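Enquirer: Starting from these lines, generate the structure:
(one chain, ligands or ions: 1)
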Amino acid sequence: EGVGPQEYTAVKMRVAAWSPAAQAQVDQLPALQGKNVFMVAATLRPETMYGQTNCFVGPTLEYGLYAINDTDVFVCTHRAARNLCYQGYSPVDGEVCQLGTVVGRDLVGTKVLAPLSQYTDGVYVLPMENVLATKGTGVVTSVPSDSPDDYATLQDLLKKPDYYQIDRAWVEPFPAVPVLSTPTYGDMSAPALCKQLKINSQKDRVQLAEAKELAYKEGFYKGTMLVGPCAGQSVADAKTAIRQAMIDAGEGFVYNE
Ligand code: A2H
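Expert: So this is what the prediction gives:
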(Lines give C-alpha, C1' and ligand atoms only; values in the text may rest on other atoms or scores of the structure.)
Protein backbone atom coordinates (compact mmCIF):
# COMPACT_ATOMS: atom_id res chain seq x y z
CA GLU A 1 0.00 0.00 0.00
CA GLY A 2 1.34 3.40 -0.97
CA VAL A 3 4.39 1.85 -2.60
CA GLY A 4 4.86 2.13 -6.34
CA PRO A 5 2.25 3.08 -8.90
CA GLN A 6 -1.38 2.13 -8.35
CA GLU A 7 -3.94 1.82 -11.13
CA TYR A 8 -7.52 2.58 -10.10
CA THR A 9 -10.82 2.68 -11.89
CA ALA A 10 -12.21 6.18 -11.48
CA VAL A 11 -16.01 6.14 -11.24
CA LYS A 12 -17.94 9.26 -12.29
CA MET A 13 -20.96 9.94 -10.09
CA ARG A 14 -22.98 12.79 -11.51
CA VAL A 15 -24.33 15.31 -9.02
CA ALA A 16 -28.14 15.20 -9.25
CA ALA A 17 -28.91 17.54 -6.32
CA TRP A 18 -26.52 19.41 -4.02
CA SER A 19 -26.96 19.44 -0.27
CA PRO A 20 -28.21 22.85 0.92
CA ALA A 21 -24.73 23.73 2.26
CA ALA A 22 -23.02 22.84 -1.03
CA GLN A 23 -25.76 24.52 -3.09
CA ALA A 24 -25.22 27.83 -1.28
CA GLN A 25 -21.51 27.72 -2.23
CA VAL A 26 -22.04 26.52 -5.78
CA ASP A 27 -24.51 29.40 -6.34
CA GLN A 28 -21.56 31.77 -5.84
CA LEU A 29 -19.60 30.13 -8.67
CA PRO A 30 -20.87 31.33 -12.07
CA ALA A 31 -18.25 29.14 -13.84
CA LEU A 32 -20.28 26.08 -12.77
CA GLN A 33 -23.44 27.22 -14.58
CA GLY A 34 -24.58 24.60 -17.09
CA LYS A 35 -21.71 22.22 -16.32
CA ASN A 36 -21.98 18.50 -15.59
CA VAL A 37 -20.48 18.02 -12.14
CA PHE A 38 -19.21 14.60 -11.02
CA MET A 39 -17.99 13.28 -7.69
CA VAL A 40 -15.12 11.03 -8.84
CA ALA A 41 -14.25 7.94 -6.75
CA ALA A 42 -11.18 5.70 -7.14
CA THR A 43 -11.84 1.97 -6.73
CA LEU A 44 -9.91 -1.30 -7.03
CA ARG A 45 -13.16 -3.29 -7.34
CA PRO A 46 -15.01 -2.10 -10.47
CA GLU A 47 -16.93 -5.41 -10.60
CA THR A 48 -18.72 -4.49 -7.36
CA MET A 49 -20.19 -1.21 -8.65
CA TYR A 50 -23.63 -2.86 -9.02
CA GLY A 51 -23.76 -2.80 -5.23
CA GLN A 52 -23.15 0.91 -4.66
CA THR A 53 -25.49 2.28 -1.98
CA ASN A 54 -23.85 5.67 -1.33
CA CYS A 55 -20.58 7.52 -1.62
CA PHE A 56 -18.21 8.63 1.15
CA VAL A 57 -16.17 11.77 1.73
CA GLY A 58 -13.92 12.72 4.64
CA PRO A 59 -15.93 15.36 6.56
CA THR A 60 -12.86 17.44 7.43
CA LEU A 61 -11.10 17.09 4.06
CA GLU A 62 -11.03 19.92 1.56
CA TYR A 63 -12.32 19.16 -1.92
CA GLY A 64 -11.94 21.21 -5.06
CA LEU A 65 -14.21 21.67 -8.08
CA TYR A 66 -11.99 21.26 -11.13
CA ALA A 67 -12.79 22.02 -14.77
CA ILE A 68 -11.84 18.99 -16.88
CA ASN A 69 -12.93 20.25 -20.31
CA ASP A 70 -15.65 22.55 -21.70
CA THR A 71 -18.49 20.56 -20.18
CA ASP A 72 -17.32 18.56 -17.16
CA VAL A 73 -16.28 19.45 -13.62
CA PHE A 74 -14.83 16.92 -11.14
CA VAL A 75 -15.05 17.06 -7.36
CA CYS A 76 -11.92 15.51 -5.75
CA THR A 77 -8.89 16.39 -3.65
CA HIS A 78 -6.33 18.83 -4.96
CA ARG A 79 -3.76 16.06 -4.93
CA ALA A 80 -5.93 13.97 -7.28
CA ALA A 81 -6.55 16.98 -9.54
CA ARG A 82 -2.74 17.41 -9.86
CA ASN A 83 -2.41 13.78 -10.93
CA LEU A 84 -5.40 14.00 -13.28
CA CYS A 85 -4.09 17.08 -15.09
CA TYR A 86 -1.19 14.99 -16.45
CA GLN A 87 -3.54 12.20 -17.54
CA GLY A 88 -5.69 14.18 -19.97
CA TYR A 89 -8.22 15.45 -17.39
CA SER A 90 -7.67 19.20 -17.53
CA PRO A 91 -8.36 21.93 -20.11
CA VAL A 92 -4.57 22.52 -20.34
CA ASP A 93 -2.19 19.56 -19.98
CA GLY A 94 -0.21 19.77 -16.75
CA GLU A 95 -2.30 22.62 -15.30
CA VAL A 96 -5.06 22.38 -12.73
CA CYS A 97 -8.12 24.56 -13.38
CA GLN A 98 -9.83 25.00 -10.00
CA LEU A 99 -13.25 26.67 -9.95
CA GLY A 100 -14.03 26.41 -6.25
CA THR A 101 -13.55 24.67 -2.91
CA VAL A 102 -15.93 22.82 -0.62
CA VAL A 103 -15.28 20.98 2.64
CA GLY A 104 -16.39 17.33 2.84
CA ARG A 105 -18.91 18.02 5.62
CA ASP A 106 -20.80 20.38 3.30
CA LEU A 107 -20.99 17.75 0.54
CA VAL A 108 -22.79 15.30 2.85
CA GLY A 109 -26.43 14.91 1.77
CA THR A 110 -25.66 15.61 -1.90
CA LYS A 111 -27.43 13.18 -4.23
CA VAL A 112 -25.37 11.52 -6.96
CA LEU A 113 -26.08 9.08 -9.79
CA ALA A 114 -23.78 6.08 -9.30
CA PRO A 115 -23.13 4.13 -12.52
CA LEU A 116 -24.30 0.47 -12.47
CA SER A 117 -25.89 0.92 -9.04
CA GLN A 118 -29.26 -0.77 -8.60
CA TYR A 119 -30.40 2.45 -6.92
CA THR A 120 -30.93 4.22 -10.22
CA ASP A 121 -32.68 7.30 -8.77
CA GLY A 122 -29.45 8.25 -6.99
CA VAL A 123 -27.61 7.69 -3.73
CA TYR A 124 -26.30 10.07 -1.05
CA VAL A 125 -22.90 11.40 -0.06
CA LEU A 126 -22.14 10.37 3.54
CA PRO A 127 -19.22 10.94 5.97
CA MET A 128 -16.45 8.36 6.63
CA GLU A 129 -13.78 9.05 9.24
CA ASN A 130 -10.91 7.15 7.64
CA VAL A 131 -10.90 8.66 4.17
CA LEU A 132 -7.27 9.50 3.44
CA ALA A 133 -6.39 12.70 1.59
CA THR A 134 -3.26 10.92 0.36
CA LYS A 135 -4.98 8.14 -1.59
CA GLY A 136 -7.18 8.04 -4.68
CA THR A 137 -9.47 11.02 -5.16
CA GLY A 138 -10.62 11.40 -1.54
CA VAL A 139 -14.05 10.23 -2.71
CA VAL A 140 -14.86 6.59 -1.92
CA THR A 141 -17.75 4.79 -3.52
CA SER A 142 -19.50 2.55 -1.03
CA VAL A 143 -20.33 -1.13 -1.53
CA PRO A 144 -21.42 -2.52 1.86
CA SER A 145 -22.00 -6.04 0.48
CA ASP A 146 -18.29 -6.49 -0.30
CA SER A 147 -16.33 -3.82 1.55
CA PRO A 148 -16.07 -4.31 5.34
CA ASP A 149 -15.02 -0.65 5.77
CA ASP A 150 -18.11 0.56 3.96
CA TYR A 151 -20.43 -1.81 5.84
CA ALA A 152 -18.98 -0.90 9.28
CA THR A 153 -19.17 2.82 8.52
CA LEU A 154 -22.83 2.60 7.52
CA GLN A 155 -23.58 0.71 10.75
CA ASP A 156 -21.98 3.58 12.69
CA LEU A 157 -24.08 6.13 10.84
CA LEU A 158 -27.30 4.22 11.56
CA LYS A 159 -26.41 3.88 15.25
CA LYS A 160 -25.52 7.54 15.73
CA PRO A 161 -27.15 9.66 13.02
CA ASP A 162 -27.14 12.78 15.22
CA TYR A 163 -23.47 12.46 16.12
CA TYR A 164 -22.55 12.03 12.46
CA GLN A 165 -25.01 14.76 11.40
CA ILE A 166 -26.78 12.65 8.82
CA ASP A 167 -30.39 11.92 7.99
CA ARG A 168 -31.36 8.24 8.37
CA ALA A 169 -33.30 8.64 5.11
CA TRP A 170 -29.93 8.84 3.34
CA VAL A 171 -29.01 5.35 4.62
CA GLU A 172 -32.05 3.21 5.53
CA PRO A 173 -33.72 3.05 2.10
CA PHE A 174 -30.45 1.77 0.58
CA PRO A 175 -29.65 -1.67 2.06
CA ALA A 176 -26.65 -3.66 0.83
CA VAL A 177 -27.26 -5.52 -2.44
CA PRO A 178 -25.70 -8.91 -3.29
CA VAL A 179 -23.26 -8.61 -6.20
CA LEU A 180 -21.14 -11.75 -6.08
CA SER A 181 -21.18 -15.06 -4.29
CA THR A 182 -18.29 -16.81 -2.54
CA PRO A 183 -18.16 -20.34 -1.07
CA THR A 184 -16.97 -19.20 2.37
CA TYR A 185 -18.93 -15.97 2.99
CA GLY A 186 -22.05 -16.35 0.85
CA ASP A 187 -23.43 -13.51 -1.24
CA MET A 188 -22.53 -10.68 1.13
CA SER A 189 -18.93 -11.05 2.28
CA ALA A 190 -18.68 -7.79 4.21
CA PRO A 191 -21.55 -8.26 6.69
CA ALA A 192 -20.51 -11.92 7.14
CA LEU A 193 -16.90 -11.00 7.92
CA CYS A 194 -17.85 -8.09 10.20
CA LYS A 195 -19.96 -10.51 12.20
CA GLN A 196 -17.32 -13.25 12.25
CA LEU A 197 -14.51 -10.87 13.31
CA LYS A 198 -16.79 -8.99 15.74
CA ILE A 199 -16.32 -5.66 14.00
CA ASN A 200 -18.62 -3.07 15.56
CA SER A 201 -17.38 0.17 14.12
CA GLN A 202 -15.24 1.85 11.48
CA LYS A 203 -12.83 2.45 14.39
CA ASP A 204 -11.95 -1.28 14.61
CA ARG A 205 -8.99 -0.75 12.29
CA VAL A 206 -7.05 -3.95 13.02
CA GLN A 207 -9.97 -6.33 12.45
CA LEU A 208 -11.09 -4.32 9.43
CA ALA A 209 -7.68 -4.71 7.80
CA GLU A 210 -7.97 -8.48 8.23
CA ALA A 211 -11.58 -8.55 6.98
CA LYS A 212 -10.61 -6.50 3.93
CA GLU A 213 -7.83 -8.94 3.06
CA LEU A 214 -10.06 -12.00 3.50
CA ALA A 215 -12.94 -10.49 1.50
CA TYR A 216 -10.63 -9.46 -1.30
CA LYS A 217 -8.91 -12.83 -1.70
CA GLU A 218 -12.08 -14.88 -1.43
CA GLY A 219 -13.93 -12.59 -3.86
CA PHE A 220 -11.18 -12.44 -6.45
CA TYR A 221 -10.15 -16.12 -6.44
CA LYS A 222 -13.44 -17.85 -5.65
CA GLY A 223 -16.21 -15.33 -6.34
CA THR A 224 -18.91 -15.68 -8.99
CA MET A 225 -20.85 -12.70 -10.30
CA LEU A 226 -24.58 -12.69 -9.44
CA VAL A 227 -25.70 -9.61 -11.41
CA GLY A 228 -25.12 -7.75 -14.65
CA PRO A 229 -24.09 -9.06 -18.06
CA CYS A 230 -21.26 -11.09 -16.46
CA ALA A 231 -23.58 -12.99 -14.06
CA GLY A 232 -22.32 -16.57 -13.73
CA GLN A 233 -18.72 -15.64 -14.60
CA SER A 234 -15.83 -15.70 -12.16
CA VAL A 235 -14.99 -12.34 -10.55
CA ALA A 236 -11.45 -12.60 -11.94
CA ASP A 237 -12.82 -12.80 -15.49
CA ALA A 238 -15.60 -10.25 -15.02
CA LYS A 239 -13.44 -7.53 -13.45
CA THR A 240 -11.78 -6.35 -16.67
CA ALA A 241 -14.96 -6.66 -18.75
CA ILE A 242 -17.05 -4.61 -16.32
CA ARG A 243 -14.35 -1.98 -16.01
CA GLN A 244 -14.13 -1.71 -19.82
CA ALA A 245 -17.92 -1.43 -20.12
CA MET A 246 -17.88 1.49 -17.68
CA ILE A 247 -15.09 3.16 -19.64
CA ASP A 248 -16.92 2.63 -22.96
CA ALA A 249 -20.09 4.15 -21.46
CA GLY A 250 -18.13 7.24 -20.37
CA GLU A 251 -18.91 6.42 -16.72
CA GLY A 252 -15.37 5.58 -15.68
CA PHE A 253 -11.72 5.87 -16.67
CA VAL A 254 -8.31 4.60 -15.70
CA TYR A 255 -6.66 6.72 -13.00
CA ASN A 256 -3.02 6.23 -12.07
CA GLU A 257 -1.09 7.52 -9.09
B1 A2H B 1 -12.55 0.09 -2.78
P2 A2H B 1 -5.67 0.92 -1.70
CL3 A2H B 1 -16.19 -3.44 -2.66
N4 A2H B 1 -9.24 6.66 1.72
O5 A2H B 1 -13.70 0.30 -3.67
C6 A2H B 1 -9.66 5.45 2.16
N7 A2H B 1 -10.06 4.46 1.35
C8 A2H B 1 -10.06 4.71 0.03
C9 A2H B 1 -9.63 5.94 -0.50
C10 A2H B 1 -9.22 6.95 0.41
N11 A2H B 1 -8.81 8.15 -0.01
N12 A2H B 1 -9.74 5.90 -1.84
C13 A2H B 1 -10.22 4.68 -2.14
N14 A2H B 1 -10.41 3.96 -1.02
C15 A2H B 1 -10.92 2.57 -0.88
C16 A2H B 1 -14.77 -0.66 -3.41
C17 A2H B 1 -14.12 -1.70 -2.59
C18 A2H B 1 -12.85 -1.33 -2.20
C19 A2H B 1 -14.63 -2.95 -2.21
C20 A2H B 1 -13.85 -3.78 -1.44
C21 A2H B 1 -12.58 -3.39 -1.03
C22 A2H B 1 -12.07 -2.14 -1.42
C23 A2H B 1 -15.92 0.02 -2.72
N24 A2H B 1 -15.52 0.80 -1.60
O25 A2H B 1 -10.85 -1.70 -1.05
O26 A2H B 1 -5.12 1.28 -0.38
C27 A2H B 1 -11.67 2.12 -2.10
O28 A2H B 1 -12.57 1.08 -1.75
C29 A2H B 1 -10.05 -2.54 -0.23
C30 A2H B 1 -8.64 -2.01 -0.16
O31 A2H B 1 -5.25 1.87 -2.79
C32 A2H B 1 -10.62 1.42 -2.99
O33 A2H B 1 -11.30 0.26 -3.53
O34 A2H B 1 -5.41 -0.49 -1.99
C35 A2H B 1 -9.53 1.04 -2.03
O36 A2H B 1 -9.80 1.71 -0.78
C37 A2H B 1 -8.14 1.45 -2.49
O38 A2H B 1 -7.25 1.10 -1.48
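Enquirer: got a list of what Gly104 touches?
Expert: Val57, Gly58, Pro59, Thr60, Leu61, Glu62, Tyr63, Pro127, Val131, Gly138 (Cβ atoms under 8 Å, 6 or more residues apart in numbering). For every residue, glycine as well, the C-beta is placed using N, CA and C.
Enquirer: Neighbours of Pro91, how many?
Expert: 13 (other Cβ atoms under 10 Å).
Enquirer: What number of residues are in the vicinity of the closest residue to Tyr124 other than its chain neighbours?
Expert: Excluding its sequence neighbours, the residue lying closest to Tyr124 (Cβ to Cβ, 6 or more residues apart in numbering) is Trp170, at 3.8 Å. Using other Cβ under 10 Å, Trp170 has 20 neighbouring residues.
Enquirer: and Trp170, what are its phi and psi?
Expert: phi -90, psi -10 (degrees, to the nearest 10).
Enquirer: all helices of the stretch 101-250 of the chain, in order?
Expert: Secondary structure of the stretch 101-250 of the chain, counting by DSSP state H, counting those that start in this stretch: helices at 104-107, 148-159, 189-196, 205-222, 235-248.
Enquirer: Near the ligand, which residues of the stretch 1-150 of the chain are found?
Expert: Contact residues (Cβ under 6 Å from any ligand atom) of the stretch 1-150 of the chain with the ligand: 1, 6, 42-45, 48, 130-132, 135-136, 138, 140-143, 146-147, 150.
Enquirer: who wins for most neighbours among the contacts of Gly104?
Expert: Going by other Cβ under 10 Å, Val57 tops these with 29 neighbours.
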